[in-house]
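K.L.:
based on what follows, work out the 3D shape:
(one chain, ligands or ions: 1)
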Amino acid sequence: MFESLERLPPDPILGSMAAYRADDDPAKVDLGVGVYRDERGDTPILAAVKRAEAAVLARQTTKSYVASIGNARFNRALEELTLGAMHPALLGGRVRTIQAPGGCGALRLGAELIKASAAGSVVHVSNPTWANHTPLIGGSGLRLAHYAYYDAASGGLDFAGMVQALGKLPAASVVLLQASCHNPTGVDLTEAQWRELLPVFRRGALLPFIDMAYQGLGRGIAEDTFGIRLFAAELPEVLVAVSCSKNFGLYRERTGALHVVAAAAAAADTALSQLARIARTIYSMPPDHGAAIVQEIMTSDALRTAWLDEVGSMRARMAGLREDLVKHLSAACPERDFSCIARQHGMFSLLGIDPAQVQTMRVKHHVYMMDDSRINIAGLRAGNLAYVARAVAQVLRERAE
Ligand code: LMR
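P.N.:
From the prediction side, this is the model:
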C-alpha cells in the first residue's frame, strides 16, 4: 500500500531546525524556528513553571481522563487572561473554551468548527502569514486566500490595502488575524487600526478568527489582546486560538485553547458541543500536564506575579535586541535602512534578502533563517550580533557587485 506514497520534503521550519542541529560549525547561529532563547542561547523552563510543576506533581493523585474539552479551570483562567475577567462577553455568558493540543490544535479545531458550520467557507489570511497556517487550516478542507498586509518597501503595514481587500470580501467570509507579534513580519495593527477595522467586519458580517501565539511578548499582556477584547465586545461572533508555547515556554507540552465568542449563550453551548465531538473524533482529549501548570500559575497570586515578571523580561530582551540589531546592521551596511526592525514587535522580522542570499547565509556563514528571510530575534545575543550583521552586509554586497 505505501509504495504509492510520494516522499515529502521536510516542513520548512522544522527542516531548518534539523539542518542547524546537524551543522557542526562553532560559529553557527539559529534564527530559524520561533522559540525564545536567553543570552546564553538556551530555551529555559520558566521559574514560575518549575514551581507550578512541582506543586502539580505533589498534588496530583490520578492520571485518569479529564474530558474532551480539557481542564475547565484552565479554560476559565485562559478566558480571563485573554479577555480580562470583567469583559462584557464573559459576563454575558457568550464565551466557551476548549483546551487544545497547542495553538496549532486550536487553529485546527477552529477550522473544523467553521467547516461544520459552512463547509464552503474561505479563510482569508494575511500576505504573508505563518507557514503552517496554510496546511493546518487547509488540512480541514477549507480553502485559503490572501489579503494585503505587509509593505516590504517600508517594513510596515499596508493598512489601506488591507482595509480595501477586506472591504471587498463576500459576506460572512472568515478572516484570520494575528493578535500581536505577527508571524513572520513582526508588523502589528495599532489600537487605532483595530478600531478602524471594526466597521469593516461589521459591514461585511466577517468572522474574525484571531491567532494569539505571543500574548505578552509584544507590547504587554493586555495590550497584545486589544483587538480581541474590542472585537469580542462589539461583534456577535469571534474565534480565538491561543498558544501557551511561547509566553509560558511550554512548547513540547502542547498547551493551548480555542475560545468561541457567540451571539448568545445557547449558540456558544452548541458550538462547544460540536468542538467536543470534533476533538473526540481526532485525538479524543488534549494532554493535561501543561494546562495543569498554567492553571496553577494563574490561580496563585505569587506564581502569577513571578510569571508576569518573566514574560516582561522576555519582552524587554527582544525589544532591546531589535534596537541592537538595527545598530549593528546600520554600522555594517550603512547604505540600507533597517530601522523598521525596531518598530516591529515580538519574535520575528523579515530581513528582506532573497532565497539565494538566505542560502548563502546558511552555507557560507552558518546563519540559519527561513527562506523568506524571517529571523527569530530571540536567537540573537551579544556574542553573535556583530557576526550576523557582518554576514548580512557581505551577502548584500556580493549581490550588488
Ligand atoms: C515558528 O513559527 O517558528 C514557531 O511557531 C514554531 C512552529 O511550530 O512553526
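
K.L.:
how about the residues of the stretch 151-300 of the chain near the ligand?
P.N.:
By C-beta under 6 Å from any ligand atom, the part of the stretch 151-300 of the chain that sits against the ligand consists of residue 183. C-beta: built from backbone N, CA, C; applies to glycine.

K.L.:
now do the helices in the stretch 151-300 of the chain.
P.N.:
Counting by DSSP state H, counting those that start in this stretch, one finds helices in the stretch 151-300 of the chain at the ranges 159-167, 191-204, 226-234, 265-282, 289-298.

K.L.:
okay, these in JSON lines with mean pLDDT next?
P.N.:
Converted to JSON lines, those look like this (pLDDT from 0 to 100):
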{"stretch": "helix 159-167", "mean pLDDT": "98"}
{"stretch": "helix 191-204", "mean pLDDT": "98"}
{"stretch": "helix 226-234", "mean pLDDT": "98"}
{"stretch": "helix 265-282", "mean pLDDT": "98"}
{"stretch": "helix 289-298", "mean pLDDT": "98"}
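
K.L.:
point out the most buried one among those helices.
P.N.:
Of the helices of the stretch 151-300 of the chain, the one with the most neighbours on average (mean count of other C-beta atoms under 10 Å) is helix 289-298, at a mean of 24.

K.L.:
can you dump the C-alpha coordinates of that helix into PDB?
P.N.:
What follows is helix 289-298, C-alpha atoms only, in PDB (Å, rounded to 0.1, in the frame of the first residue of the first chain):
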ATOM      1  CA  HIS A 289       0.300  18.500  32.100                       C
ATOM      2  CA  GLY A 290       0.900  21.900  30.500                       C
ATOM      3  CA  ALA A 291      -2.700  23.000  31.200                       C
ATOM      4  CA  ALA A 292      -2.400  22.000  34.900                       C
ATOM      5  CA  ILE A 293       0.800  24.100  35.100                       C
ATOM      6  CA  VAL A 294      -0.900  27.100  33.600                       C
ATOM      7  CA  GLN A 295      -3.900  26.700  35.900                       C
ATOM      8  CA  GLU A 296      -1.600  26.600  38.900                       C
ATOM      9  CA  ILE A 297       0.200  29.800  37.800                       C
ATOM     10  CA  MET A 298      -3.000  31.700  37.000                       C
END
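
K.L.:
next one: it to chain centre, how far?
P.N.:
Taking C-alpha atoms, centre = their mean, to the nearest Å, one finds the center of helix 289-298 at 19 Å from the center of the full chain.

K.L.:
residues contacting it, please?
P.N.:
By C-beta atoms under 8 Å, 6 or more residues apart in numbering, the residues outside helix 289-298 that reach it are 48-49, 52-53, 55-56, 60, 70-71, 73-74, 77-78, 80-81, 99, 244, 248, 250, 253-255, 303-304, 307.

K.L.:
re earlier: among the helices of the stretch 151-300 of the chain, which is nearest residue 95?
P.N.:
Closest approach to residue 95 among the helices of the stretch 151-300 of the chain (C-beta to C-beta): helix 265-282, 6.6 Å.

K.L.:
just to revisit the earlier point, which among the contacts of helix 289-298 end up buried?
P.N.:
48-49, 52-53, 56, 70-71, 74, 77-78, 81, 99, 244, 248, 250, 253-255, 303-304, 307 (16 or more other C-beta atoms under 10 Å).

K.L.:
now the end-to-end length of stretch 244-261.
P.N.:
Chord length of stretch 244-261, first to last residue, is 20 Å (C-alpha to C-alpha, to the nearest Å).
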